[in-house]
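Asks: Provide a 3D model corresponding to the input given below.
(chains A and B)
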Amino acid sequence: MKRFKLSRRAFLGGAGAVLTLPMLEFTAPRIARAEDNIARRFLAFYVPNGIHMAGWTPSAYGPNYELTPILTPLQDVKNKLLVLTGLENTPGRPEMAGDHAGGTGAFLTCRHVTKTEGADIKNGISVDQMIAEHVGQKTRIKSMQLGTDGGSSAGGCDSGYSCAYSRNISWASETQPLSKTVNPQVVFDQLFEGFDPVATSAEKAKRQKYRMSILDYVLDDASRLSGKLGATDKRKLEEYMNGVREIELRIEKGTGPECTPIDKPPESLEFPALVKMMCDLMVLAFKCDATRVISFMMGNAGSGRAFKFIGVDEAHHDISHHMSVQENYDKLTKINTWEVAQLAYLLKELDAIEEGDGTILDNCAVFFSSEIEDGNAHRHTNMPVLLAGGLGGKIKPGRHIVYDDAPPVANLFISIMNAVGVGATTFGDNGTGPITGLVG
Amino acid sequence: MRRNAWMAGVLVTSTALGCVGQIGDPPTGGVDPGTAGPDPGRVTVHRLNRTEYNNTVRDLLGTALRPADDFPADDLSYGFDNIADVLSMSPTHVELYERAAELLVSEAMSLPASLVKTKLEGETVGGSVGVAAGEAWNLYSSGDVSSSVSFPGKGQYRISTRVWGTQAGDEPAKVVLSVGGVQLGTYDVPNTSTNPVVLEAMATVDGGNKVVSVEFTNDFYDETTMADRNLYVDWIEVEGPLDAQGVNPQRERIFTCDPVKGGDTCARQILGDFARKAWRRAISDDELNGLFAFVTLAKAEGDSVDVGLKLALQAVLVSPNFLFRIEMDPDPTSLTPHPLNDFELASRLSYFLWSSMPDDELLQVAEEGRLQDEGELRAQVLRMLDDPRSESLIENFAGQWLYTRALGDHEPDYAIFPTYNDELQEAMRTETKLFFREFLYGDRSLTEMLTADFTFANDKLAAYYGLPAVEGSEFKQVSLEGTARQGLLTQGSLLTVTSHPTRTSPVKRGKWVLEQLLCSAPPPPPPGVEGLPKVPMPTSTLREKMEQHRKDPVCASCHTAMDPIGFALESFDGIGTYRTEDQGFPIDASGQLPTGETFNGAREMADLISGDPRFGRCASKQLFTYALGRGSEPRDRKYIDHIAVEFAAGGYKMKDLIALIVTSEPFRLRRGETVKAGSEK
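Replies: Just a heads-up that it's a prediction; the model follows:
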């Protein structure tokens, strides 16, 4: 037992150790429908405050379009990318004001959220969680929620909307947002949790037994309590119990194939380094098949970050209300280009890892967008949308698709869900069926 | 609904309260306040937020660890981070709770580290450069002999090393001794092989593996004379911890008896005592049996009682009874109010006043059933306010109410505000904290927050404000008489966080006063009209640009209330520096409130706001929200009205307000809820 006292954190500080991670195909119940063996993955990449569309939308469509200034960083992965123009996510429209909260709430749910700060908080299940419900049992971690900002520590978030809508994009149910992790050290520990190369298998088995005994105990506690509570309280206890069950599943899944970790991230990082670290961790999570579903918020709704490191000193949100001033356009272009460059880094890293006949990126769908279209007009139509990866042959990338009939983002999500085996025909408030054009 | 309110605002722009927005309370689908009897409402089961978790484990275990700093940020509603309805729970939370429990229990139960001596031979360890030379290592050019050493626990260690040099050049060999990258000292070593020296340094080191290094820093070699300065390292020794007391105070606190002598009875007692504190209530025999089962389990696995106790303590800390503040309804679907039980009330009280668990006395009083007595309740409030833990009201309540916490998130533009730095930010934060403290513990009327002719400053802040010099970095109460500053509204912290990074924002400042101090927040602007007009007007002041707001009746309905307050504060720039000009234009800090009163400057404006009866009621409502951890609803109006009236009658004393809230029905009673369609999964 002595070894268990070793802090995992201290222990994992060294580089280059070989870690063990769960088996690709754990003893998960086989889905009745016949499936290929491709590990399809979904990643949602959120950026706040909209996009300067004049610098974003390519003029030509089809495979031979030219990358616009903001999209230039994607040059190397252009053939693995779809630029999707003309989609709308109108459920994100708030009641009067609150486009940032409404748009962020609807970002992956395509639901019109209830304007409240209280008990009647209500959104819908998000697409990443729909997918996680389906593929989550194949990996040790069902899904991960990551971000860069915890959120400001005082004041309201947006016009009478709870901060729950502004700071979370993954929702496990209508009432349960999934908080994101913004500390890369915590993410690292999540990925390599439980690793102890000097423990014997008997010691590992005992540790597993002990952890399970604790979780079983608290689960009993919770169900005893839950029986005596009212509906709202019961819901909170259910959130807790779902969490405990998920951790139990992780423990049961134990260990499997080997995976080489990166160095332990340092205590604190400046924003650009933090984003890069989070990208590295996401790549690692996919590479090690620790999870197949990730959502990432590179800032919270209506973020006021000053991008000083690229020469923009004003708050992002302030500039996004550009009032058609050229100077603001220039600054927004700088910010948006930098944001896209971070996506490009992530995609290139995913594309550098071979898997099957292609790369990991070929088996992914990476969805990139913002909570609104233009920062000044706060529109929820003509959304800036990128979709990268081939989703294991289900998407034919390398094109700019322009939709004239303004299909909902929800329909794009239906297509992605269908491709990974979720048999949805509707989604959110306005999803009516798969979107056309993805397979070419 | 909101659209109608806004339209109404447009129609009545000329009246004082044309901008109606969120005045009063939000609509609700709950009980009709007009027809129902007393309705204390209910508070949803409350997950400990990050602050509460850290404080609770501090008070429960005596730890300095703050595991919740790594937990996901708590979402805010109604301006506070302790609103039960939005304190959600995710698998990530559970994972981190499990990890934190293991860490905390492992620290609390660890046996004190005993003294260990580790000796490393230079020739065995080797160096970054050089060669083994007999019983030592010869560093023949600059480099180090270093090795990772296990430090058994936090404490004082003696690091020593036996070295000598071959001397050459005009200075002796230099040696740097360090542990874990931290230099302990630099030494001149004139000694040679005939008289080696033992260098010795003391270091306070955390437990774990650290690199101990002996570094030779001034290699010297003259090719013509072959004069060569080298360093020889014979050995390195680490000894400690030297200050081990033989006692882990955390462990002593948990071990209320000796399980070696007391056997199972004692183990049960330890678990019962711990669970009672951690769960903040009496525990049942069944619950105790469940915890004791971990001891049985450990034994069956061939482990010690200690291992079993550790597992049980971890289970206590991961249990929903610890992580949530649970309040039971006899009938969860009945709307008939019932008093909280004593334990539930004790937790409401301690998490309100301390952001932490009840202490022994409060738990004892609750166990004896005395907390239902209003006199006892009041006595406990006074006792608890006397305890330093009540400073959490400054950090958590005032920090969020007055936005002091937002200082850390705000980044003024360096090019425009080069004087702003971390030190100034910290001074501003301290000023507002000490200022609020004066109202929390003193006997001053809260309205003086806006009219006070004093503040708190140290040397740095006094110089920054242009006040008479204060000596030293300690904060002292200083007079503001004869200055442009007065009260909270002219403090640097507030003026900074209500500005843009590059300039002031009269709108933000005005809105802040309306929202936080008068609870009369204007509704947000309609879509597409945010921000300054798009045609830049370089020849006008910010104020003139904002006059645009008044020309458009839609804007004017709200901006006639917000902007004048902000204009009064225009004498202070985006980081609160006093100024008479803005980009060459003289500041006009005069204005008129929608009620018709005119003012010139921040002082006169603050005087007017302090006299507004909405201020006392708003402060009541803000503290009510924080105290209960839920938003106020229409049915709470009569309670808040009553509290506000009494608060005013007593001269706006914070201690009165706290007692009024604690003794109110919403704080002491609760009810069940009707099952709403769709609220069940």
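Asks: I figured residue B:555 was touching residue B:561, is that so?
Replies: No: if you go by CB atoms under 8 Å, residue B:555 and residue B:561 don't touch, sitting 11.4 Å apart. C-beta: built from backbone N, CA, C; applies to glycine.
Asks: These two - which one has more neighbours?
Replies: Neighbour tally, residue B:555 and residue B:561, criterion other CB atoms under 10 Å in any protein chain shown: the higher count belongs to residue B:561, 24 against 19.
Asks: Now for that one, which secondary structure element holds it?
Replies: helix B:553-568 (DSSP states H and E).
Asks: Indicate whether that helix makes contact with chain A.
Replies: No: for helix B:553-568 and chain A, the contact criterion (CB under 8 Å from any CB of the partner chain) is not met; the two come no nearer than 11.6 Å.
Asks: Just give the number of residues close to the closest residue to residue B:238 other than its chain neighbours.
Replies: Sequence neighbours aside, residue B:118 is the residue nearest to residue B:238 in space, at 4.7 Å (criterion: CB to CB, 6 or more residues apart in numbering or on different chains). Around residue B:118 there are 16 other residues, counting by other CB under 10 Å.
Asks: tell me what the helix or strand harbouring residue B:118 is packed against?
Replies: Element membership of residue B:118 [criterion: DSSP H and E] is strand B:116-121. Here strand B:116-121 touches strand B:143-151, strand B:227-240, going by 3 or more CB pairs under 8 Å, 6 or more residues apart in numbering or on different chains; DSSP states H and E.
Asks: run the last query once more with 7 Å
Replies: strand B:227-240 (3 or more CB pairs under 7 Å, 6 or more residues apart in numbering or on different chains; DSSP states H and E).
Asks: Report the helix or strand with the lowest average pLDDT across chain B.
Replies: Lowest by mean pLDDT, DSSP states H and E among the helices and strands of chain B is helix B:2-11, with a mean of 34.
Asks: and if you look at chain A?
Replies: helix A:8-11 (a mean of 34).
Asks: For residue B:271, pull up the helix or strand it's in.
Replies: Using DSSP H and E, residue B:271 falls in helix B:259-279.
Asks: Show me what counts as buried in that helix.
Replies: Residues of helix B:259-279 classed as buried: B:259, B:266-279 (neighbour count, 16 or more other CB atoms under 10 Å in any protein chain shown).
Asks: Residues in contact with that helix: which ones?
Replies: B:60, B:254-258, B:282-283, B:287-288, B:291-292, B:295, B:305, B:309, B:312-313, B:316-317, B:321-322, B:363 (CB atoms under 7 Å, 6 or more residues apart in numbering or on different chains).
Asks: Which of those are buried? Put it as a PyMOL command.
Replies: Remark: buried members of these, expressed as a PyMOL selection using 16+ other CB under 10 Å:
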select buried, chain B and resi 60+254+255+283+287+288+291+292+295+305+309+312+313+316+317+321+322+363
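Asks: Please flag which of the contacts of helix B:259-279 sit within helices.
Replies: Members of these lying in helices (criterion: DSSP state H): B:60, B:254, B:287-288, B:291-292, B:295, B:305, B:309, B:312-313, B:316-317, B:321-322, B:363.
Asks: hmm, which two among those residues are most spread apart?
Replies: Farthest-apart pair in the ones in helices among the contacts of helix B:259-279 is B:305 and B:363; separation 26.3 Å (CB to CB).
Asks: hang on, the earlier thing: quick one: average confidence on the helix holding residue B:561?
Replies: Averaged over helix B:553-568, pLDDT sits at 89.
Asks: Can you name every helix or strand that it contacts?
Replies: Counting contacts by 3+ CB pairs under 7 Å, 6+ apart, helix B:553-568 packs against helix B:2-11, helix B:506-512, helix B:548-551, strand B:590-592, helix B:602-610.
Asks: by contact count, what packs against the last one?
Replies: Using 3+ CB pairs under 7 Å, 6+ apart, the elements in contact with helix B:602-610 are helix B:448-451, helix B:553-568.
Asks: is the next helix or strand after that helix up against chain A anywhere?
Replies: Next helix or strand after helix B:602-610 toward the C-terminus (DSSP H and E): helix B:613-628. No: figure legend: helix B:613-628 not in contact with chain A (CB under 7 Å from any CB of the partner chain); closest approach 10.0 Å.
Asks: Identify each buried residue in helix B:613-628, please.
Replies: So for helix B:613-628, counting by 16+ other CB under 10 Å, buried means B:614-628.
Asks: same check, this time on stretch B:127-147
Replies: In stretch B:127-147, counting by 16+ other CB under 10 Å, buried: B:127, B:129-130, B:133, B:136-147.
Asks: From the opening residue of that stretch to its closing one, how far?
Replies: 9 Å (CA to CA, to the nearest Å).
Asks: what's the average pLDDT for that stretch?
Replies: Mean predicted confidence for stretch B:127-147 is 91.
Asks: could you pull out the helices for the stretch 451-600 of chain B?
Replies: With DSSP state H, counting those that start in this stretch, the ranges of helices along the stretch 451-600 of chain B come out as B:459-465, B:492-497, B:506-512, B:542-546, B:548-551, B:553-568.
Asks: Enumerate the residues of the stretch 301-440 of chain A near chain B.
Replies: A:306, A:313-315, A:318, A:321, A:323-325, A:377-378.
Asks: let's see it at 10 Å
Replies: A:304-306, A:308, A:313-315, A:317-325, A:327-328, A:374-379 (CB under 10 Å from any CB of the partner chain).
Asks: Of those residues, just the buried ones, ChimeraX syntax please.
Replies: Of these, the buried ones go into a single ChimeraX selection, burial set by 16+ other CB under 10 Å:
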select /A:304,305,306,313,314,315,317,318,319,320,321,322,325,328,374,375,376,377,378,379
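Asks: Let's see which of the residues of the stretch 301-440 of chain A next to chain B end up in helices.
Replies: Secondary structure defined by DSSP H assigns A:317-320, A:327-328 of those to helices.
Asks: the strands in the stretch 351-500 of chain B, which residues?
Replies: In the stretch 351-500 of chain B, the strands defined using DSSP state E, counting those that start in this stretch lie at B:454-457, B:476-479.
Asks: Would you mind finding the most buried of the ones you listed?
Replies: Stretch with highest mean neighbour count among these: strand B:454-457 (a mean of 22; mean count of other CB atoms under 10 Å in any protein chain shown).
Asks: That one: how far from the chain's middle?
Replies: Taking CA atoms, centre = their mean, to the nearest Å, one finds strand B:454-457 lying 23 Å from the centre of the chain it belongs to.
Asks: Sheet-wise, list the partners of it with their directions.
Replies: Strand pairing for strand B:454-457, using DSSP bridges, gives strand B:476-479 (antiparallel).
Asks: Quick one: residues in contact with the strand it pairs with.
Replies: B:431, B:434-435, B:438, B:452-459, B:461-462, B:465, B:467-470 (CB atoms under 10 Å, 6 or more residues apart in numbering or on different chains).
Asks: The buried residues of helix B:259-279: which two are farthest apart?
Replies: Going by CB to CB, the pair spanning the buried residues of helix B:259-279 furthest: B:259 and B:279, at 21.2 Å.
Asks: The stretch 101-250 of chain A: strands as residue ranges?
Replies: Going by DSSP E, counting those that start in this stretch, the stretch 101-250 of chain A shows strands at A:144-147.
Asks: ok now do residue B:500, which residues does it touch?
Replies: Per CB under 10 Å, 6+ apart, neighbours of residue B:500: A:304, A:314-315, A:317-318, B:410, B:412-413, B:508, B:574.
Asks: Make a markdown table from those residues and add pLDDT to it.
Replies: Formatted as a markdown table, the contacts of residue B:500 follow (pLDDT from 0 to 100):
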| residue | pLDDT |
| --- | --- |
| A:304 | 91 |
| A:314 | 89 |
| A:315 | 91 |
| A:317 | 93 |
| A:318 | 90 |
| B:410 | 88 |
| B:412 | 91 |
| B:413 | 89 |
| B:508 | 94 |
| B:574 | 96 |
